[in-house]
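Chemist: Any chance you can model this:
(2 chains)
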Amino acid sequence: MTQVGQESVLRLAPGCRLSEAGAREDLLLIPEGALRMQGPARKIVELLNGERSVREIVEELQHRYGTEDAARIETETLALLTRLRERGVLESV
Amino acid sequence: MKYEPKALIAEVTHRCPLHCVYCSNPLEMQRRSEELSTADWISIFQQAGEMGVLQLHLTGGEPLARTDIAELVKAGRAARLYINLITSGVGLDPGKLDALIDAGLDHIQLSFQDIEEGPANEFSGTRSHALKLRMAAMIRERRVGFTLNMVVHRSNLDRLEEMIAFAEQSGAQRVEIAHVQYYGWALKNREALLPTRAQVDRSIEIVEAARERLKGRLRIDFVLPDYYAKYPKPCMNGWGHQQMLIDPVGQVLPCHAAGVIPGLEFSSTREHPLRWIWEESPAINRFRDESWMPEPCKNCDRRTRDFGGCRCQAFLLTGDAAATDPVCTLAPSHKVIEDILGQVNGAKQNWVYRIDPI
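Modeler: Model prediction:
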């Protein structure tokens, strides 16, 4: 299943990891290169621990960034995770 | 820095137990006695990390032929690099694999020559296929990035669907289907390797259908044979633009093949800091900008996309490294390619096998 929904539990696929803290830019290192992690992307990926559901991650982000943009946070988080899942960077647990 | 290096290809040795008929190593290989030491490589990785290089591809020859390979992986990680091991799998065992992963190995690219044992062993000149199957199973059991690499050509292309089916159940996240590129040993065997146009067209259809079917499960990277292309490939994404290759003795090249170009002197990490070599050395700067370009490249809209194609191929096929890549249909020398393609036939040629360095 490649569909990402509220109850999906995801983690980084083997061979994919975030650049270490202190690196010159936030990157997601993958076998064929690197993806630039813009805006809150790094934070979102950091929250994927293979235990939290997408719903819990969205709630965490809404809590952190304020609830006035709650709908947008949810849409954008789902969009990012779907893109990464389709690319094979994330796997379902 | 105008050109920021992103990837370092480290040919840590030219020694290899396989003798593949399309090996990308140069015909003249570096000897073991001249190879860089562990400390030399560690210093290179540190310098590369400081220059902003992101990826380290440990290759060879067979990189596992170096007894210090786990130490090299560890040093690469310490330099904040992403570590990819490009291997035949020969020389791997569970203990060594665990040690490499513990040292911080991010990813393994395991090569296969075919899906059938007989032909696979024929193309590699060794009885290695059965062993590779065991290595694939061993890698799948562990948490490490895993890509299969399958080199395709006239003699195995008709089994492409079976190759993809194998990749699908191998546990790999990614498969690289690479048509042979004609340099080094592959150029020597071109007559036997070059596919027909019908085979190439069919391979494109198969890959496109498989990509659709396997979306999100298995990623397929596909390298087309440029002899059949309309325009040349953007070789290495530009000479000295993003990638560098360091050979077993420390020479820094822009790619695997550039050693064939006469008159280029490659600077060595034994004599110069890596940053100086990347920024200042004559060989890395030789075809870096557009000043070398002849017509039709220099006024062509595509020059910023394909950089005039491959300098090594231009030299190998026209004798002039500063000519337009002859695969380009706009190149004055394009007839060379048409003549070669006109001669593709099913005739069996005796293989020229890669010879291991002393």
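Chemist: check contacts around residue 53.
Modeler: No chain in the question, so chain A it is. For residue A:53, the contacting residues are A:6-9, taking Cβ atoms under 8 Å, 6 or more residues apart in numbering or on different chains as the criterion. For the C-beta atoms, the positions are set from N, CA and C on the backbone; glycine is no exception.
Chemist: Wait, chain B was what I had in mind.
Modeler: Contacts for residue B:53 were tallied using Cβ under 8 Å, 6+ apart; they are B:5-8, B:81.
Chemist: next one: residue B:138
Modeler: When the contact criterion is Cβ under 8 Å, 6+ apart, the partners of residue B:138 are B:92, B:94, B:97.
Chemist: just to revisit the earlier point, ok, which of the contacts of residue B:53 also contact chain A?
Modeler: Of the entries in the contacts of residue B:53, those that also sit close to chain A under the rule Cβ under 8 Å from any Cβ of the partner chain are residue B:6.
Chemist: can you redo the contacts of residue B:53 as JSON lines with secondary structure, neighbour count and pLDDT?
Modeler: Supplementary listing: these in JSON lines, determined by DSSP: H, G, I helix; E, B strand; the rest coil; neighbours: other Cβ atoms under 10 Å in any protein chain shown; pLDDT from 0 to 100:
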{"residue": "B:5", "secondary structure": "coil", "neighbour count": "22", "pLDDT": "97"}
{"residue": "B:6", "secondary structure": "coil", "neighbour count": "17", "pLDDT": "96"}
{"residue": "B:7", "secondary structure": "strand", "neighbour count": "21", "pLDDT": "98"}
{"residue": "B:8", "secondary structure": "strand", "neighbour count": "26", "pLDDT": "98"}
{"residue": "B:81", "secondary structure": "coil", "neighbour count": "26", "pLDDT": "97"}
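Chemist: of the contacts of residue B:53, closest to residue B:335?
Modeler: residue B:7 (35.0 Å; Cβ to Cβ).
Chemist: Quick check: bridge partners of the closest one?
Modeler: Beta-bridge partners for residue B:7, by DSSP bridges, are residue B:55, residue B:243.
Chemist: Residues touching the helix or strand containing residue B:337, excluding its own?
Modeler: Of the helices and strands defined by DSSP states H and E, residue B:337 is found in helix B:335-342. Defining contact as Cβ under 8 Å, 6+ apart, one finds that helix B:335-342 is touched by B:190, B:194, B:197, B:227-228, B:317-318, B:326-327.
Chemist: Buried residues of stretch B:350-358, list them for me.
Modeler: By neighbour count, with 16 or more other Cβ atoms under 10 Å in any protein chain shown as the criterion, the buried positions of stretch B:350-358 are B:351, B:353-354, B:356-357.
Chemist: Kindly present the residues you listed as TSV, with separate columns for distance to residue B:303, pLDDT and secondary structure.
Modeler: Compiled in TSV, these are given as follows (distance: Cβ to Cβ, whole Å; pLDDT from 0 to 100; DSSP: H, G, I helix; E, B strand; the rest coil):
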residue	distance to residue B:303	pLDDT	secondary structure
B:351	38	93	coil
B:353	38	95	coil
B:354	35	93	coil
B:356	40	87	coil
B:357	38	86	coil
